[in-house]
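A.B. asks: fold the stuff below for me.
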Amino acid sequence: MIPFVTLFHWDLPNCLQLEYGGMLSDQVVNDFVEFANLCFEEFGDRVKFWATMNEPYTYAIHGYSPGTDFAKDDSKIVQSSSKRVQRNLPSHRNERLGRFESTTQTTRHTWFIVNDPAKETYTVARNLLLCHSRTVQLYRTNFQMHQNGQIGIVLSSGGHYPFDSTSQNDIDATQRAFDFMIGWFLEPVIYGQFPASMLQYAKGNITPFSNEEQQELAGSSDWVGLNYYTSDFVRYEKDPPGVGYPADQHCLYSYYDIKGKPIGLQD
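C.D. replies: Numbers count the residues shown, from 1 in each chain. Purely as a prediction, here's the structure:
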């Protein structure tokens, strides 16, 4: 049996969430790399296949994408100090069932802007990708040569098909659905930048990578894992509901096409 070890499968330490907002702050990148360095030092002689993270799409979408089931967050701009942090922090959306008190004493000064649902999902995804690229850079520079391992990332995607195969709008929306799901993370680790359609349709909400960040990201995966779950039909929507990620795509998803045919195998 050959182990494939994942560094991050959504188990962010609660103390980092309380200290600076977790993945909403780019401060998480340094902490992630420090954690990865410890793992490489302690286990790298036995691990030949590392994954920086599992399904960053799922973490960003289900943790931060706006939706009716998420708790309202009334905090504005938070300035933390060396005092114990307990309240008025931007909650990870999945903390809606209750808040935890801090169990650690923060010693760093940081700030972050919250209550901008249109941007939060993109901000988290961007920071996840920077965690990935800088961890890969660390591994390749300090460990790969003598540990003889490989490092990659595990992504997720569904299959997308046009709701109306004769509609160019639906055909274009289908490609955009791929861009906004797997392309969101795959294109940066291959080419160094988000898909062109995301930069166009999410303009104002998504922040492109800088030239330096692009150089770190491009080619930053020795292998790519893919988790596949299901497929759907995609229809173009001129005025989609919501804000941010759900609306920026201009896509609506269905398990039935224009003729009422369900997705998947039929008798």
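
A.B. asks: ok, Phe143 touching Gln150?
C.D. replies: No - with contact defined as CB atoms under 8 Å, Phe143 does not reach Gln150; the gap is 11.2 Å. Backbone N, C-alpha and C define where each C-beta goes, glycine included.

A.B. asks: neighbours of Asp26, how many?
C.D. replies: Neighbour count for Asp26, taken as other CB atoms under 10 Å: 15.

A.B. asks: looking at Phe143 and Gln150, which one has more neighbours?
C.D. replies: Shown here are Phe143 and Gln150; by other CB under 10 Å, Phe143 has more neighbours (20 against 17).

A.B. asks: which residues in the stretch 151-267 of the chain form helices?
C.D. replies: According to DSSP state H, counting those that start in this stretch, the stretch 151-267 of the chain carries its helices in the segments 168-178, 184-191, 196-201, 211-217, 245-248.

A.B. asks: right, so of those, which gets closest to Pro13?
C.D. replies: Among these, the nearest to Pro13 by CB to CB is helix 184-191 (22.5 Å).

A.B. asks: buried ones in that closest one, by neighbour count?
C.D. replies: For helix 184-191, a neighbour-count test (16 or more other CB atoms under 10 Å) marks Trp184, Phe185, Leu186, Glu187, Pro188, Val189 as buried.

A.B. asks: tabulate those (CSV), appending pLDDT and distance to Phe8.
C.D. replies: Formatted as CSV, those follow (pLDDT from 0 to 100; distance: CB to CB, whole Å):
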residue, pLDDT, distance to Phe8
Trp184, 99, 17
Phe185, 99, 13
Leu186, 99, 17
Glu187, 99, 20
Pro188, 99, 16
Val189, 99, 15
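
A.B. asks: of the residues you listed, closest to Gln214?
C.D. replies: Nearest to Gln214 among the buried residues of helix 184-191: Pro188, at 8.2 Å, using CB to CB.

A.B. asks: next one: that closest one relative to Ile153, how far apart?
C.D. replies: As judged by CB to CB, to the nearest Å, Pro188 and Ile153 stand 10 Å apart.

A.B. asks: list the contacts for the nearest residue to Asp222 once chain neighbours are set aside?
C.D. replies: The spatially closest residue to Asp222, leaving aside those adjacent along the chain, is Gln150, at 3.9 Å (CB to CB, 6 or more residues apart in numbering). Gln150 makes contact with Lys48, Phe49, Trp50, Gln144, Asp222, Trp223 under the criterion CB atoms under 8 Å, 6 or more residues apart in numbering.

A.B. asks: burial count for the fifth one?
C.D. replies: Asp222 is surrounded by 16 other residues when neighbours are defined as other CB under 10 Å.

A.B. asks: for it, give me its contacts.
C.D. replies: With contacts defined as CB under 8 Å, 6+ apart, Asp222 is in contact with Gln150, Ile151, Gly152.

A.B. asks: now intersect those with the strands, please.
C.D. replies: Among the contacts of Asp222, the members found in strands (DSSP state E) are Gln150, Ile151, Gly152.

A.B. asks: pLDDT weak spots in the stretch 51-200 of the chain?
C.D. replies: Applying pLDDT under 70 to the stretch 51-200 of the chain flags the ranges 66-115.

A.B. asks: what ranges does it have for its strands?
C.D. replies: Taking DSSP state E, counting those that start in this stretch, the strands of the stretch 51-200 of the chain run over residues 77-79, 111-113, 150-162.

A.B. asks: coming back round to it: which one of the helices of the stretch 151-267 of the chain lies closest to Gly63?
C.D. replies: Comparing the helices of the stretch 151-267 of the chain by their distance to Gly63 (CB to CB), the top pick is helix 245-248, with 11.7 Å.
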